[in-house]
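Student: Sequence and computational prediction follow.
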Amino acid sequence: MTEKFAIQEFNLRSACEQEYQALNRISNIYQAEILPDDPPFPLEEMVRSSQSVPDFVDNFTWAAWDSALAEIIATGNVNIAKTEDNQHIAEIGIYVRQPFRRQGIGTRLLEKITRVARGENRRLLITEAIGNLSSGESFLYKIGGEKGLVGHLNQMRLDDLDHHLVETWLEWGHLNEDNFFLGLWEGLYPENQMDAILELRELENQVPVENLDIEATHLTREQVRQVENQLFARGFQRWTYYLIEKSTGKMAGYTETVWNPSRPQILYQDMTGVFPEYRNKGLGRWLKAAMIDKVLCERPEVKFIRTENADSNAAMLKINHELGFKPYISIPIWQIPLEKVEAYLAERKVLYAD
């Protein structure tokens, strides 16, 4: 294997054009395997995303090259977030093309990942395993992994949308207009609202984490800016609806969507959340309906809306199912203790081999 396959490390922020092209090709091979009906990712988007990785994230990426094909046939990566929270975690990913699986290439890449995680004093590896890639799940079982959270990418066809339901939810919203103000941010968050935005983003810490060994995340103002800068570098456009209680000036909740002209038929529904003291007033449905109404009016090319939800997030799933969202692809999140990975690699005599 060492004669046929060569493993090369990449600096994503400063790869050469040929390297970006090869990485883009295998990225789209992976995309076609998990989402065969989706268009490929443009090379320019991948390059801009790679060159704008947030400064607080250390990325390590490796590729296995087939010398005969002169192509990348497998990739591995690990992200180390230099934040105050979750300093025990390393987020990882491994993908091996279909004809080259079960040849030890994934194990070689795993060794590279494990070496970095140990050097960064991270004790837990976290990764997603797309449901229609059974080889991924079997590999994670072998190295000592377990499902920490079971979730799905859920999808709604706008052709199936119950427009009367959306109108009803908007009417409920109008009944709350004496008490709440509905506002909209388009694109970059306004600088004079960053304190409120950081407060709203805390709602992300209230979604279920099930058995995942993770902590709440509290990004700083600068870190949020870096994350959104990468998003916009990729060509995404973002809408954020928010609600403010008029009597107190407090934020009550928000909903957010992102859309990319390179994939005009697909809109991604990101976070929707309402603070506990404002729940059971129909505010979440008002936010959702306002966003869908804007999409219908201003983005007629959108055919599908997608969102990720934990299967245990009963409150949000109830709203989404009412709208017509259905499970599209299973996306469980796995966690693997580093010591179990090291034991697996040691048995195969590849642990820190060079």
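Tutor: Yes, it's here.

Student: So Ile126 sits against Leu212, correct?
Tutor: Yes: between Ile126 and Leu212 a contact is recorded at 7.5 Å, counting by C-beta atoms under 8 Å. To be clear about C-beta, it is placed using only N, CA and C from the backbone, and glycine gets the same treatment.

Student: give me the low-pLDDT residue ranges for this structure?
Tutor: 1-3, 132, 353-354 (pLDDT under 70).

Student: center of it, which residue is that?
Tutor: Glu308 (8.5 Å; C-alpha atoms, centre = their mean).

Student: Look up which helix or strand that residue falls in, please.
Tutor: strand 304-310 (DSSP states H and E).

Student: Give me the common contacts of Ile126 and Leu212.
Tutor: Gly148, Ile333, Gln335 (C-beta atoms under 8 Å, 6 or more residues apart in numbering).

Student: out of the residues you listed, who's nearest Leu23?
Tutor: Using C-beta to C-beta, Ile333 comes nearest to Leu23 of the shared contacts of Ile126 and Leu212, at 23.9 Å.

Student: That closest one pairs with what?
Tutor: When bridges are called by DSSP bridges, Ile333 pairs up with Glu128, Leu149.

Student: Which residues are in contact with the residue lying closest to Asp160 once chain neighbours are set aside?
Tutor: Closest residue to Asp160 apart from its sequence neighbours, by C-beta to C-beta, 6 or more residues apart in numbering: Gly324 at 5.0 Å. When contacts are counted by C-beta under 8 Å, 6+ apart, Gly324 touches Met156, Arg157, Asp160, Leu161, Asp162.

Student: For those residues, which two are the farthest from each other?
Tutor: Arg157 and Asp162 (11.7 Å).

Student: Give me the neighbour count for Trp169.
Tutor: Per other C-beta atoms under 10 Å, the neighbour tally for Trp169 reads 22.

Student: ok, it touching Ala289?
Tutor: Yes: under the criterion of C-beta under 8 Å, Trp169 makes contact with Ala289 at 3.7 Å.

Student: need the helices for this structure, in chain order.
Tutor: Remark: helices assigned in the chain by DSSP state H are 17-34, 43-51, 105-119, 134-142, 163-175, 194-201, 221-233, 283-298, 314-323, 338-347.

Student: I'd like those written out as a markdown table, with distance to Pro208 added.
Tutor: As requested, the helices of the chain are exported to a markdown table (distance: least, C-beta to C-beta, whole Å):
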| stretch | distance to Pro208 |
| --- | --- |
| helix 17-34 | 23 |
| helix 43-51 | 28 |
| helix 105-119 | 26 |
| helix 134-142 | 21 |
| helix 163-175 | 24 |
| helix 194-201 | 17 |
| helix 221-233 | 22 |
| helix 283-298 | 16 |
| helix 314-323 | 9 |
| helix 338-347 | 25 |
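
Student: circling back: if I look at the residue nearest to the centre of the chain, how far off is Leu323?
Tutor: Distance, Glu308 to Leu323, using C-beta to C-beta, to the nearest Å: 15 Å.

Student: Next up, the contacts around the nearest residue to the residue nearest to the centre of the chain once chain neighbours are set aside.
Tutor: Of all residues not flanking Glu308 in the chain, Leu153 sits nearest, at 5.5 Å (C-beta to C-beta, 6+ apart). Residues counted as contacts of Leu153 (C-beta under 8 Å, 6+ apart) are Arg306, Thr307, Glu308, Pro327, Tyr328, Ile329, Ile331.

Student: Also Val209?
Tutor: Gly148, Leu149, Ala310.

Student: If we use 6 Å, what do you get?
Tutor: Contacts for Val209 (C-beta atoms under 6 Å, 6 or more residues apart in numbering) come out as none.
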